[in-house]
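Asks: sharing a model prediction with you, sequence too.
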2 protein chains.
Amino acid sequence: MRVLGIDPGLTRCGMGVVDGTVGRTLTMVDVGVFRTPAELDTARRLHQLEQQIEASVVAHRPDVVAVERVFSQHNVSTVMGTAQASGIAMLVAARHGIPVHLHTPSEVKAAVTGSGRADKAQVTAMVTRLLRLTEAPRPADAADALALAICHIWRGGAQNRLQEAIAKAEQATRKAAVR
Amino acid sequence: MRVLGIDPGLTRCGMGVVDGTVGRTLTMVDVGVFRTPAELDTARRLHQLEQQIEASVVAHRPDVVAVERVFSQHNVSTVMGTAQASGIAMLVAARHGIPVHLHTPSEVKAAVTGSGRADKAQVTAMVTRLLRLTEAPRPADAADALALAICHIWRGGAQNRLQEAIAKAEQATRKAAVR
């Protein structure tokens, strides 16, 4: 299973692509950060972000897109941009018929470190170890996106397989309709 | 000037298109509500909303898209969906090189009723009168979208003209680059 993890944001949007299944070795395929210029208005930043996520989905063809769940309680000043960025990621996935799963920050931390209250350094250290990287991924948003992808692979199982089967059936129906 | 007003939402997203300039008669061009099924996941609802807004922008070619500004303080339970829906509207406008303006609910109410604390019935009554409609637009989201468009036309002026000139210059540059 190939998972594209997205840690949504307008200034920095973390992305990480991981291949793996439960109980097998994990492989990092790509990691990076999408950025949009703070001097642009929000509409154009969202458009630039869409183009970057779209390019990444087209390049990597993930089976699942895992997005960090945004809570309205935290960071009130930036939550709108974060919510909109997560919406763009979800939209792009849906456009390609790829299932989207949301995971909370504490689910992600618990999956990779064993503790839902782990700090960023601990998450980065575990991501580096689990993916057998020679260097820690930087910035933290990129490491978080990889952690999201790992979390999704490990929390997966019956539920993922069911949702993927539904998505594939729908894609087949769509393709049949186009012909 | 043609303005597409968007009152963002996932369950009901109001849309209204109004032609007019400051000091001239206003004309309603279109009004309606985009809906997405509550039983779909958020990603697919955002995708359906994108397709509906896209079709409306292509059909009406507005000069400006006016979107209601979402506040994180209100309606915490639905604010994520509303923020994401507003992001989709902004994205679609940016994709077509159309300037986006945000107006707060109290700016809109003050523009059409003279009071920033007017209730929905008062806004609907004034929208019906200002656009010389024989029936009040329903539901309230549709009336709100028309009020947004009217608000934008009336609050417009020097700032609008400047932003439109910039957008047109950018579109011309883009077209020249494509050739």
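Replies: Now that the structure is in, tell me what you want to look at.

Asks: for chain B, see how far away A:Leu4 is.
Replies: Taken as CB to the nearest CB, to the nearest Å, the spacing of A:Leu4 relative to chain B amounts to 13 Å. All C-beta spots, glycine's among them, are computed from the backbone N, C-alpha and C.

Asks: tell me the secondary structure at the residue lying closest to A:Ala89 once chain neighbours are set aside.
Replies: Setting aside the residues directly before and after it, A:Ala89 is nearest to A:Ile6 in space (CB to CB, 6 or more residues apart in numbering or on different chains), at 4.4 Å. When states are read from DSSP: H, G, I helix; E, B strand; the rest coil, the local structure at A:Ile6 comes out as strand.

Asks: quick one: low-confidence residue ranges for chain A.
Replies: For chain A, the stretches flagged by pLDDT under 70 are A:72-77, A:157-168, A:171, A:174-175, A:177-179.

Asks: kindly report the residues of it close to chain B.
Replies: Residues of chain A found near chain B, taking CB under 8 Å from any CB of the partner chain as the criterion, are A:41-44, A:46-47, A:50, A:70, A:72-73, A:76, A:79-80, A:83-88, A:90-91, A:93-95, A:100.

Asks: which among those count as buried?
Replies: Burial of the residues of chain A next to chain B was assessed by neighbour count (16 or more other CB atoms under 10 Å in any protein chain shown); the buried members are A:42-44, A:46-47, A:50, A:70, A:72, A:79-80, A:83-88, A:90-91, A:93-95, A:100.

Asks: inside helices: which ones of these?
Replies: Using DSSP state H, A:42-44, A:46-47, A:50, A:79-80, A:83-88, A:90-91, A:93-95 are the members of these that sit in helices.

Asks: related to what we said a few turns ago, what's the distance between the residue nearest to A:Ala89 and chain B?
Replies: In this structure, A:Ile6 and chain B are 12 Å apart, going by CB to the nearest CB.

Asks: what's near enough to touch that residue?
Replies: A:13-15, A:53, A:65-68, A:86, A:89, A:145, A:148 (CB atoms under 8 Å, 6 or more residues apart in numbering or on different chains).

Asks: with A:Gly20 instead?
Replies: By CB under 8 Å, 6+ apart, A:Gly20 lies in contact with A:1, A:3, A:26-27, A:150, A:153.

Asks: rewinding a little: so what's the residue nearest to A:Ala89 bridging to?
Replies: A:Met15, A:Val67 (DSSP bridges).

Asks: can you tell me which of the contacts of A:Ile6 is nearest chain B?
Replies: Proximity of the contacts of A:Ile6 to chain B, judged by CB to the nearest CB, is greatest for A:Ser86, which lies at 7.0 Å.

Asks: helices or strands next to the particular helix or strand that has A:Ile150 in it in the packing?
Replies: For A:Ile150, the host element (DSSP states H and E) is helix A:140-155. For helix A:140-155, the packing partners by 3 or more CB pairs under 8 Å, 6 or more residues apart in numbering or on different chains; DSSP states H and E come out as strand A:2-7, strand A:12-19, strand A:27-35, strand A:64-68, strand A:100-103, helix A:105-113, helix A:120-130.

Asks: what packs against the fourth one?
Replies: What it means is strand A:64-68. Packed against strand A:64-68 by the contact rule (3+ CB pairs under 8 Å, 6+ apart) you find strand A:2-7, helix A:79-95, strand A:100-103, helix A:140-155.

Asks: got these as CSV, with distance to B:Phe34 columns?
Replies: Conversion of these to CSV gives the following (distance: least, CB to CB, whole Å):
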stretch, distance to B:Phe34
strand A:2-7, 25
helix A:79-95, 14
strand A:100-103, 20
helix A:140-155, 30
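
Asks: among those, which is nearest A:Val112?
Replies: Each of those was checked against A:Val112 via CB to CB, and the shortest separation belongs to helix A:140-155, namely 4.9 Å.

Asks: distance from that closest one to the middle of the chain?
Replies: For helix A:140-155, the distance between its averaged C-alpha position and the chain's averaged C-alpha position is 7 Å (CA atoms, centre = their mean, to the nearest Å).

Asks: in that helix, what counts as buried?
Replies: The neighbour-count criterion (16+ other CB under 10 Å) identifies A:140-155 as the buried residues of helix A:140-155.

Asks: with stretch A:111-123 instead?
Replies: With burial defined by 16+ other CB under 10 Å, the residues of stretch A:111-123 counted as buried are A:111-113, A:118, A:123.

Asks: which among the residues you listed gets closest to chain B?
Replies: Out of these, the member with the shortest distance to chain B (by CB to the nearest CB) is A:Ala111, at 21.3 Å.

Asks: thought that closest one was touching A:Leu146?
Replies: No. No contact is recorded between A:Ala111 and A:Leu146 when judged using CB atoms under 8 Å, the distance being 11.6 Å.
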